[in-house]
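**Student:** Structure for this input, please:
(one chain, ligands or ions: 1)
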Amino acid sequence: MPTLTLKPGREKSLLRRHPWIFSGAVAHVDGDPAPGATVDLLAAGGQFLARAAYSPSSQIRARVWTFDPSEPVDADFFRKRIGTAIAARAAWPMAPATNALRLIHAESDGLPGLVVDRYADRLVAQFLSAGAEFWRETIADILLEETGLQSIYERSDADVRELEGLSSKVGLLRGSLPQSPFTILENNLKFTVNLETGHKTGFYLDQRENRLRVRGLAEGRDVLDCFCYTGGFSLNALAGGAKSVLSVDSSADALALCSQNVAMNAPLESRHSIQEGDVFQLLRKFRDEARSFDLIVLDPPKFAPTAVQAEKAARGYKDINLLAFKLLRPGGLLVTCSCSGGVDAALFQKIVASAALDAGVDAQILAHLEQAPDHPVALHFPEGAYLKGLVCRKA
Ligand code: SAH
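**Tutor:** Just a heads-up that it's a prediction; the model follows:
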């Protein structure tokens with residue numbers, strides 16, 4: 001087994017069960033491992049610390065598969081981890097209201113770099129690290145065995161692949177892809193999903209619970225859904241009895257799907273309208289026109305993938321939150337989210353607080369939002385908690 005020996009004192013994070021080793025912590029690599037191959041991580045004194053996937057191109061030089069010296073990394077290992085992750089989801093009482101969920105959430109399910117979502121009877125997989133890529137054929141076979149399904153579509157087109165020295169890969173991995181776009185069910189609402197071209201693996205499954213919360217808050221309100229994509233929040237607001245819902249996105253394709261989704265759930269829906277445009281500009285325009293709303297959802301794309309971009313991202317978040325506070329009527333609700341890994345929940349709350357301050361409004365936090373539980377966060381891997389949000393009530 002090739003080995004990777006750490007510099008003195010650099011084993012601390014591993015002893016706390018954090019699964020990453022950064023390049024700066026590595027003293028030397030022995031045995032000439034291929035990208036993604038399994039290596040033993042050793043302390044400076046030579047003691048075994050963990051067994052990991054080697055990634056020579058990435059700053060994250062190794063990602064831990066197991067801390068158990070007696071556990072080999074082989075097909076049985078993946079069968080066990082994948083089986084455990086799937087069994088945990090099967091124990092949740094979601095069916096029959098929901099048939100799309102994350103089955104494997106990478107590091108937090110003990111499978112660094114592997115994301116697998118289930119959309120009805122289809123699987124969509126992302127192999128995002130050299131280690132996951134190394135085992136992809138084994139993993140693909142086991143996924144079909146463990147789920148009893150027949151097809152896997154691969155969406156390894158996330159930017160992070162580049163950091164791992166991997167090129168983008170999209171296409172059928174196993175079986176055939178019967179007709180896409182097709183329809184999934186989320187909390188009894190139907191959504192059209194395009195697995196081949198949709199964002200991420202097709203749909204933002206992580207917002208499921210937060211959308212349901214909006215459903216519970218929307219009754220009788222004029223709602224503005226900013227960054228609506230295919231209408232996840234908009235449809236829930238309509239289902240919750242909103243007086244009106246305006247869905248805004250810069251993508252004409254997303255808006256077309258959003259309208260189609262509304263039509264599919266509530267034919268002849270007259271409470272819904274769409275507007276194409278840049279949210280930053282549209283919110284200013286609405287302010288200048290003195291328009292107002294009772295509930296505003298802000299669910300922008302990732303402004304800061306890592307902490308390096310946090311400052312610029314903070315300006316973006318502050319800008320849209322400040323404008324949203326201004327557009328809210330007294331007693332109005334702001335549902336504001338961030339999926340930036342580089343902005344943690346405490347910083348996000350500070351940004352929203354300073355937006356309220358500059359908008360000259362008082363507000364209370366009614367709830368903290370997080371990613372749905374099929375996107376769990378391993379206790380020792382706080383990076384797994386990327387989605388955060390607040391429900392605020394304007395005084
Ligand atoms: N709320 C959605 C997910 C939002 S994803 C859901 O529940 O499914 C982010 C969306 O923001 C994408 O649809 C993207 O097209 C849109 N977007 C990105 N930048 C934008 C901008 N400046 N103005 C408007 N929309 C933008």
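**Student:** can you pull out the strands in the stretch 1-150 of the chain?
**Tutor:** Secondary structure of the stretch 1-150 of the chain, counting by DSSP state E, counting those that start in this stretch: strands at 3-6, 20-22, 26-30, 38-42, 48-54, 60-66, 100-105, 114-119, 122-127.
**Student:** which ones are touching L334?
**Tutor:** L334 makes contact with 295-296, 298, 321, 324-325, 328, 352, 363, 390-394 under the criterion CB atoms under 8 Å, 6 or more residues apart in numbering. Any C-beta I mention is one placed from the backbone N, CA and C, and that applies to glycine too.
**Student:** Which of the residues you listed fall in strands?
**Tutor:** Secondary structure from DSSP state E places L295, I296, L298, L328, A363, L390, V391, C392, R393, K394 of these in strands.
**Student:** and of those, the nearest to the ligand?
**Tutor:** Taking CB to the nearest ligand atom as the measure, the ligand lies nearest L298 of the ones in strands among the contacts of L334, at 9.0 Å.
**Student:** helix, strand or coil for the nearest residue to that closest one once chain neighbours are set aside?
**Tutor:** Counting by CB to CB, 6 or more residues apart in numbering, L298 lies nearest to T336, which is 4.5 Å off, once chain neighbours are set aside. Under the three-state scheme (DSSP: H, G, I helix; E, B strand; the rest coil), T336 adopts strand.
**Student:** Wait, T336 touches K394, no?
**Tutor:** No. Assessed by CB atoms under 8 Å, T336 is found out of contact with K394, at 11.7 Å.
**Student:** Those two: who's more crowded?
**Tutor:** T336 (27 against 22; other CB atoms under 10 Å).
**Student:** Quick one: list the elements packing against the helix or strand hosting S259.
**Tutor:** Following DSSP states H and E, one finds S259 within helix 252-265. Where contact means 3 or more CB pairs under 8 Å, 6 or more residues apart in numbering; DSSP states H and E, helix 252-265 is packed against strand 189-193, helix 232-239, strand 244-249, strand 272-276.
**Student:** Mean neighbour count and distance to F381 added to those, as CSV?
**Tutor:** Shown next, in CSV, are those (neighbours: other CB atoms under 10 Å; distance: least, CB to CB, whole Å):
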stretch, mean neighbour count, distance to F381
strand 189-193, 21, 28
helix 232-239, 27, 26
strand 244-249, 24, 32
strand 272-276, 17, 38
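**Student:** In a markdown table: the ones you listed, plus mean pLDDT.
**Tutor:** Below are those laid out as a markdown table (pLDDT from 0 to 100):
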| stretch | mean pLDDT |
| --- | --- |
| strand 189-193 | 96 |
| helix 232-239 | 98 |
| strand 244-249 | 98 |
| strand 272-276 | 98 |
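**Student:** got JSON lines for these, with distance to E162 too?
**Tutor:** Output for the helices and strands packed on helix 252-265, formatted as JSON lines (distance: least, CB to CB, whole Å):
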{"stretch": "strand 189-193", "distance to E162": "25"}
{"stretch": "helix 232-239", "distance to E162": "28"}
{"stretch": "strand 244-249", "distance to E162": "26"}
{"stretch": "strand 272-276", "distance to E162": "30"}
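**Student:** V308 is nearest to which of the ones you listed?
**Tutor:** Among the helices and strands packed on helix 252-265, the nearest to V308 by CB to CB is strand 244-249 (27.1 Å).
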